[in-house]
Structures are given as C-alpha cells and as structure tokens.
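Enquirer: Everything below, folded, please.
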Amino acid sequence: MQSQETCFTPFRQAVDAISRPERFTFPFYYDPHPLCVQAATELQQHLATQDQWQHNFGLNGETGLVIGKMFGVLVVENVRGELGYLAAFSGKLANQNLLPGFVPPVFDMLAEDSFFHQKQSVINGINEQLERLESNPEIHELNLALTAEVEAENQAVELYRQQVIAGRKKRKMQRAEAEKSLNQADFDMLLAKLSRESVGDKNRLKALKLYWQERVDLIRGQLTELTDEIGRLKERRKTLSANLQQALFQQYCFLNKDGEEKSLADIFRDTAYQTPPAGAGECAAPKLLHYCFKWQMKPVAMAEFWWGQSPKSEIRKHKNFYGACVGKCQPILGHMLQGIAMDENPLLSNPAVDKTIEIIYQDEDMLVVNKPADLLSVPGKSITDSVYTRMKQLFPAATGPLIVHRLDMSTSGLMVLALNKKAHKNLQKQFIERSVKKRYQALLQGELAQGELVQGELVQGELAQGESVPGEVKQQSGTITLPLRTDFDDRPRQLVCREHGKPAETFWQVTERGNNRTKVYLYPKTGRTHQLRVHCAHPLGLNLPIVGDDLYGDKGERLHLHAQLLELTHPRSKQPMSFSVDAEF
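Expert: From the prediction side, this is the model:
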C-alpha cells in the first residue's frame, strides 16, 4: 500500500515567494493558482522524462492506440506543516492503477485480493461459454435453413392463394352465366357444387399452411435448443454484472475533511442520475482529495491538465488546464468539499451587468440589437439578466415570445426580436427554413497555413471537405461537417459524435493572417450549440480555437466571436433587409 511519504512530493523549486490562496479552488471553473502551475510544471517534467512505465500519449508520433490523460495536482500542507503536492491521473495509466508518485485509487479493482477479480472471473467464464456457443457453426447453418424455409413457405402459400383467387373469380362468372341459362333445380345443384369447390380450396390452403408450419417449426425447434442456453447465460451475466456494479458503488467511499465517508451509491442516490455514471470516482480530483483527507493533510489549491493528443470526440489541448467534469465529479466533490472555504463560483456572477444593448433597428414588428459579449440571450438558472428581460422592460406592450433565435452568452453580435406574435411566427419560420443569412467574425488562436507541401508541390485552392488529416491542404475557405452532441458528463461542452450527433455544417473563409492569429468569416448552415467554437477548435475542423474560448481553447477577457451580418425578409412588408455591425476585435 502506498503511504503518505511515497505520494507527498515537496516542491523542487522554492515557492516561499508565492502567497498561498485564502480559499480553496472552485474546482469546476478556475484560473490555476501559481502554486498549482509550479506543481503541474514539475509533474509535466516528470511525465516527459520518466522511464519507469510506458503509455502511448501520442506525443512522439507513436502508432497504435493513443490515449491522452487528465492529470491533477493538489497542493497540500502535510501533518508536519510542509508544503508540497499530490499527483493523480484519471482512470488507469499504462494499464495500471498504482504507479510510483501518484495517489492510489479510492478503491483498487485491480488488486489481487479484490472481490472484483473473483466476481469478474465468473462473468469472464460466462463470456467464454457464450463465445463458444455463439460460434457454433450449426447455429449459422440452421439460421440459413430457417430463412430459406420461411421464404419457400411464403412463396408456396402465395402461389396457392393466387390460384384460390382465380378459382373464386371463375366460380363467380359461372354463377352469373348459370343464373341466366339454367332452371332453378340445375342452378341450385351448380351452387352446391361451386360451394364445395370453395370449401375445398380453403381446406387445401389451410393444409398447405400447416404443412409448411410444421417444417419451419422443426428447424426453429432445433435452433431454439441451441440458443436457449445462450439466452439463459446472457440473462445470468446481466444479473451478475448489475450486482457487481452495485457492490462496486458501495466500495467506492469518499472522505471529507471531517472524516465523514460516503459511497458512490449514497452520493448519487438523490441526483438526477440516481445511478453513478460510468467512471465516477476514477477522476483525478476525487482521488487527490480522498488521499489528502485520509492522511490528515490540508488542501491548499487544485488544478487539472490534459497530457497527450486530444480524443477524437472531445477537444483537449496538451498541457491546458481544465475544470473537473460536472456529471461525474460535481456530486462527489460536493460531499468531499463540505465545510471548506472555496473561491466563489464565477459562473454565478453576471459579467454583463454594466454592459448595454445597442438597438440597431426598430419598427412596430421587430427589433435588431447588438448583444454585448457575456450577456445571456434568455434568463438562465442563476442569472436572470438577459436580452429577453431587458427588452421586455423596454417594450412592455410587446406580445409573443420576443426571442426568435439565440446567441451563446459569450458571443456578441446581431439578434432579431419580434414585437408581436405574427412577426415572431414569420421570423421563426425563416430561421427554421434556413433562409436567413448569418455571418460571424472570429479571431483564431494561431495562424492557419495557406498551403502545405503535398508530394513536393505547394497546392492552392479551396478545401471541399472540412475533415482535415495530416498532409491535407489547409486553404482560404472550406466546409466543416462534424456532427455534434452534448457531453452529458460535462455540460455544456459538446462532443463530435458520428453515431449520435446531429448534423452540423459551417462554411469558413479566411480574411486576414498575422501575429500568430487568423481572422475568419464563419457561415453556419445549421445552428447547433457551440457549433462554431467546436468546428474551429477540433483537430478535424480548423484545429485552431477561437481566442478567449474558455471551453475549447484558452481563457481570455472575452470570446472573440461576433455575429456580424444578418440578412432576412421583413415579416410584414416582405422586403429583404440586411444588417451589419463589425466586431470590436
């Protein structure tokens, strides 16, 4: 078992000149304290030079499975009053839970004496049985035979059904002709004969169906004998897995500064999740705090950073600092940080309280305003100040919802609002039908190359597809089509997701380069949450975050994204209208 001494790391460089923070870090949104920056720098130096273990971070052109990692540092004061730091990684590293210099997991599933191994070995045995049973070639052969037999049955029954229909039609014609030419006695005899023929056809169809049903049931029965055991094993595996998961939830128990311990099951019981999400408790922050409290240390400040290539779905920059994830960590840290004085949550304060909205255009039907950065479009959970609330106060006689479309809180620029229901319906329809033209200005963090050498030649032109890959030319303009969905474990961040994401399309055009910055026009065809921010920052997009993007790039004074142009049709006069306000950056 690792001890306090093996995980507590004294600073290698003197930090006496750095003042300690008065309060502990608010873990979900912060500027890293200088002590944490120093600790992270030392840990990063260790990661870059150590040779005790190997992990493919994808930083040196490695091939194979690349897995970047979130690391955390917790500056602490130990029981002897010494200042140092603890280090942790999220999940496993180099396929291990325990590595020298890093705090251990709250519960080590990989320990040899762990009940997890015993329970998992039973599940693994079931998996082996299932693999053996499901690979039985007889199952495949019977499935093919069953498909062929059902098809033959359908063809045979349908063929005879057509014959029955033809017979019915023929008998109908016979009745019609006989009614004109036969006397009553002969006509009655003919009707009886035709009735017997009809009953015979129905009986033969019934017998045919029964014949084929017996043949199909025979094969289906043979197949069921082989697959029933598979079904029973899968049901048993499901039950064992669920029981094992619940047992794990009880084993993951987290301390706070008062020594109070709570399990994952207890922590998440009263949340919207109720059941802990996958990976809960394995992040760096809970590991660090649990170890700190276990060894009676005092937490001073905390920060987490990404090391390695960005995942395909997320946007994570090498060495960038990030807040703890909301979905997995917020309930856990809510328990662990009880009673600790923390920095205020900056997301609860209104950064736009002193900013004004400029009205660009106004008539009896609509408004066009220039929204300042950091003002909400509509009231939020914690902040009610917004374009909606301010315009509602200015135009109390307005009817209908007012808001036709939205801009992200961090984005500045043009918004159109409707002052009556009829105008709102018309304008909203224009946005739904995508007849409204929108153009954004953005300043990117880095210089987008004009062209790259491809097979020895400098290629110029437009990029037809936005999915850049190494060696592909980056041009003056192009289209990015990366589908997006919400990161449910870390709202409001968005993920690129081929399987469940909604289509998102952005046309981009470079307007200026220089000073390690690129100015671009962005034309969103769709309007997904954070679409422009993700399409700029993602490696398969422009791979350059927007300056000041605190979610997908580096935090700054403001997000340099501005809704510059808006073209639409007036809801009453039907005349085309165009509005433009340049960005201040």
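Enquirer: Going along the chain, name the helices of the stretch 401-550 of the chain.
Expert: 421-432, 531-537 (DSSP state H, counting those that start in this stretch).
Enquirer: which of those helices is buried the deepest?
Expert: Among the helices of the stretch 401-550 of the chain, helix 531-537 has the highest mean neighbour count (mean count of other CB atoms under 10 Å), at a mean of 26. C-betas here are computed from N, CA, C, even on glycine.
Enquirer: so what secondary structure elements neighbour that helix?
Expert: strand 437-445, strand 494-496, strand 506-514, strand 517-524 (3 or more CB pairs under 8 Å, 6 or more residues apart in numbering; DSSP states H and E).
Enquirer: and among the ones you listed, the most buried is which?
Expert: Across the helices and strands packed on helix 531-537, the average number of neighbours (mean count of other CB under 10 Å) peaks for strand 494-496, which reaches a mean of 23.
Enquirer: can you list contacts of that strand?
Expert: 312-314, 482-487, 501, 528-531, 534, 538, 540 (CB atoms under 8 Å, 6 or more residues apart in numbering).
Enquirer: What subset of those residues is buried?
Expert: Among the contacts of strand 494-496, those classed as buried by 16 or more other CB atoms under 10 Å are 313-314, 482-487, 501, 528-531, 534, 538, 540.
Enquirer: and stretch 118-126, C-alpha only, in PDB?
Expert: The C-alpha coordinates for stretch 118-126 follow below in PDB (Å, rounded to 0.1, in the frame of the first residue of the first chain):
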ATOM      1  CA  GLN A 118     -13.500 -13.100  -8.200                       C
ATOM      2  CA  LYS A 119     -16.800 -11.800  -9.400                       C
ATOM      3  CA  GLN A 120     -15.300 -10.700 -12.700                       C
ATOM      4  CA  SER A 121     -13.700 -14.100 -13.300                       C
ATOM      5  CA  VAL A 122     -17.200 -15.700 -13.100                       C
ATOM      6  CA  ILE A 123     -18.500 -13.200 -15.700                       C
ATOM      7  CA  ASN A 124     -15.500 -13.800 -17.800                       C
ATOM      8  CA  GLY A 125     -16.200 -17.600 -17.700                       C
ATOM      9  CA  ILE A 126     -19.800 -16.900 -18.900                       C
END
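Enquirer: average model confidence for it?
Expert: Mean per-residue pLDDT for stretch 118-126: 90.
Enquirer: Now do the helices in this structure.
Expert: 4-7, 34-49, 115-134, 137-181, 184-251, 264-268, 284-294, 326-336, 387-394, 421-432, 531-537 (DSSP state H).
Enquirer: Report the contact partners of the residue nearest in space to the middle of the chain.
Expert: The centroid of the chain falls nearest to residue 487 when counting by CA atoms, centre = their mean (3.4 Å). Residues near residue 487 by CB under 8 Å, 6+ apart: 314, 493, 494, 495.
Enquirer: which one of these sits closest to residue 345?
Expert: Ranked by distance to residue 345 (CB to CB), the contacts of residue 487 are led by residue 493 at 17.1 Å.
Enquirer: what bits of the stretch 301-450 of the chain have low per-residue confidence?
Expert: Across the stretch 301-450 of the chain, the ranges flagged by pLDDT under 70 are 450.
Enquirer: Strands of that one, residue ranges please.
Expert: With strands called from DSSP state E, counting those that start in this stretch, the stretch 301-450 of the chain shows them at 321-322, 358-362, 366-371, 412-418, 437-445.
Enquirer: In contact with the nearest residue to residue 491 once chain neighbours are set aside, which residues?
Expert: Computed as CB to CB, 6 or more residues apart in numbering, the closest residue to residue 491 that is not its neighbour in sequence is residue 326, at 5.8 Å. Counting by CB under 8 Å, 6+ apart, residue 326 touches 28, 489, 490, 491.
Enquirer: Now for the first one, how many residues are close by?
Expert: Applying other CB atoms under 10 Å, we find 18 other residues in the vicinity of residue 28.
Enquirer: Could you list the low-pLDDT ranges of the protein?
Expert: 1-5, 112-113, 450-474.
Enquirer: rerun at 80
Expert: Along the chain, segments meeting pLDDT under 80 span 1-6, 109-114, 117, 272-273, 449-475.
Enquirer: can you list the domains in it?
Expert: Using automatic domain parsing, the domain ranges for the chain come out as 4-107+257-347, 138-247.
Enquirer: Out of those, indicate the one that is most buried.
Expert: Among the domains of the chain, judged by mean count of other CB under 10 Å, the one packed with the most neighbours on average is domain 4-107+257-347 (a mean of 18).
Enquirer: residue with max distance from the center of the chain?
Expert: In the chain, counting by CA atoms, centre = their mean, residue 183 sits farthest out from the average C-alpha position, at 82.1 Å.
Enquirer: Tell me how far that residue lies from residue 190.
Expert: From residue 183 over to residue 190 the distance is 11 Å, taken as CB to CB, to the nearest Å.
Enquirer: try residue 305
Expert: 95 Å.
Enquirer: Residue 535 now?
Expert: From residue 535 over to residue 190 (counting by CB to CB), the distance is 80 Å.
Enquirer: Quick check: residue 353 vs residue 426, distance?
Expert: 33 Å.
Enquirer: Return the residues in contact with the closest residue to residue 339 other than its chain neighbours.
Expert: Counting by CB to CB, 6+ apart, residue 257 is the residue found nearest to residue 339 once chain neighbours are left out, at 5.8 Å. Residue 257 sits next to 293, 299, 338, 339, 340 when contact means CB under 8 Å, 6+ apart.
Enquirer: In CSV: these, plus distance to residue 319.
Expert: Below are those laid out as CSV (distance: CB to CB, whole Å):
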residue, distance to residue 319
293, 28
299, 23
338, 32
339, 33
340, 27
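Enquirer: now for these, which pair is the farthest apart?
Expert: Those two in the contacts of residue 257 that are separated most widely, counting by CB to CB, are 299 and 338, at 12.5 Å.
Enquirer: tell me the phi and psi of residue 281?
Expert: phi 90, psi -10 (degrees, to the nearest 10).
Enquirer: hang on, it packs against residue 332?
Expert: Yes - Residue 281 is within contact range of residue 332, at 6.4 Å (criterion: CB atoms under 8 Å).
Enquirer: between the contacts of residue 326, which is nearest residue 96?
Expert: residue 489 (23.5 Å).
Enquirer: For the closest one, give its distance to residue 262.
Expert: According to CB to CB, residue 489 and residue 262 sit 20 Å apart.
Enquirer: now swap in residue 495 and tell me
Expert: Distance from residue 495 to residue 262, by CB to CB: 30 Å.
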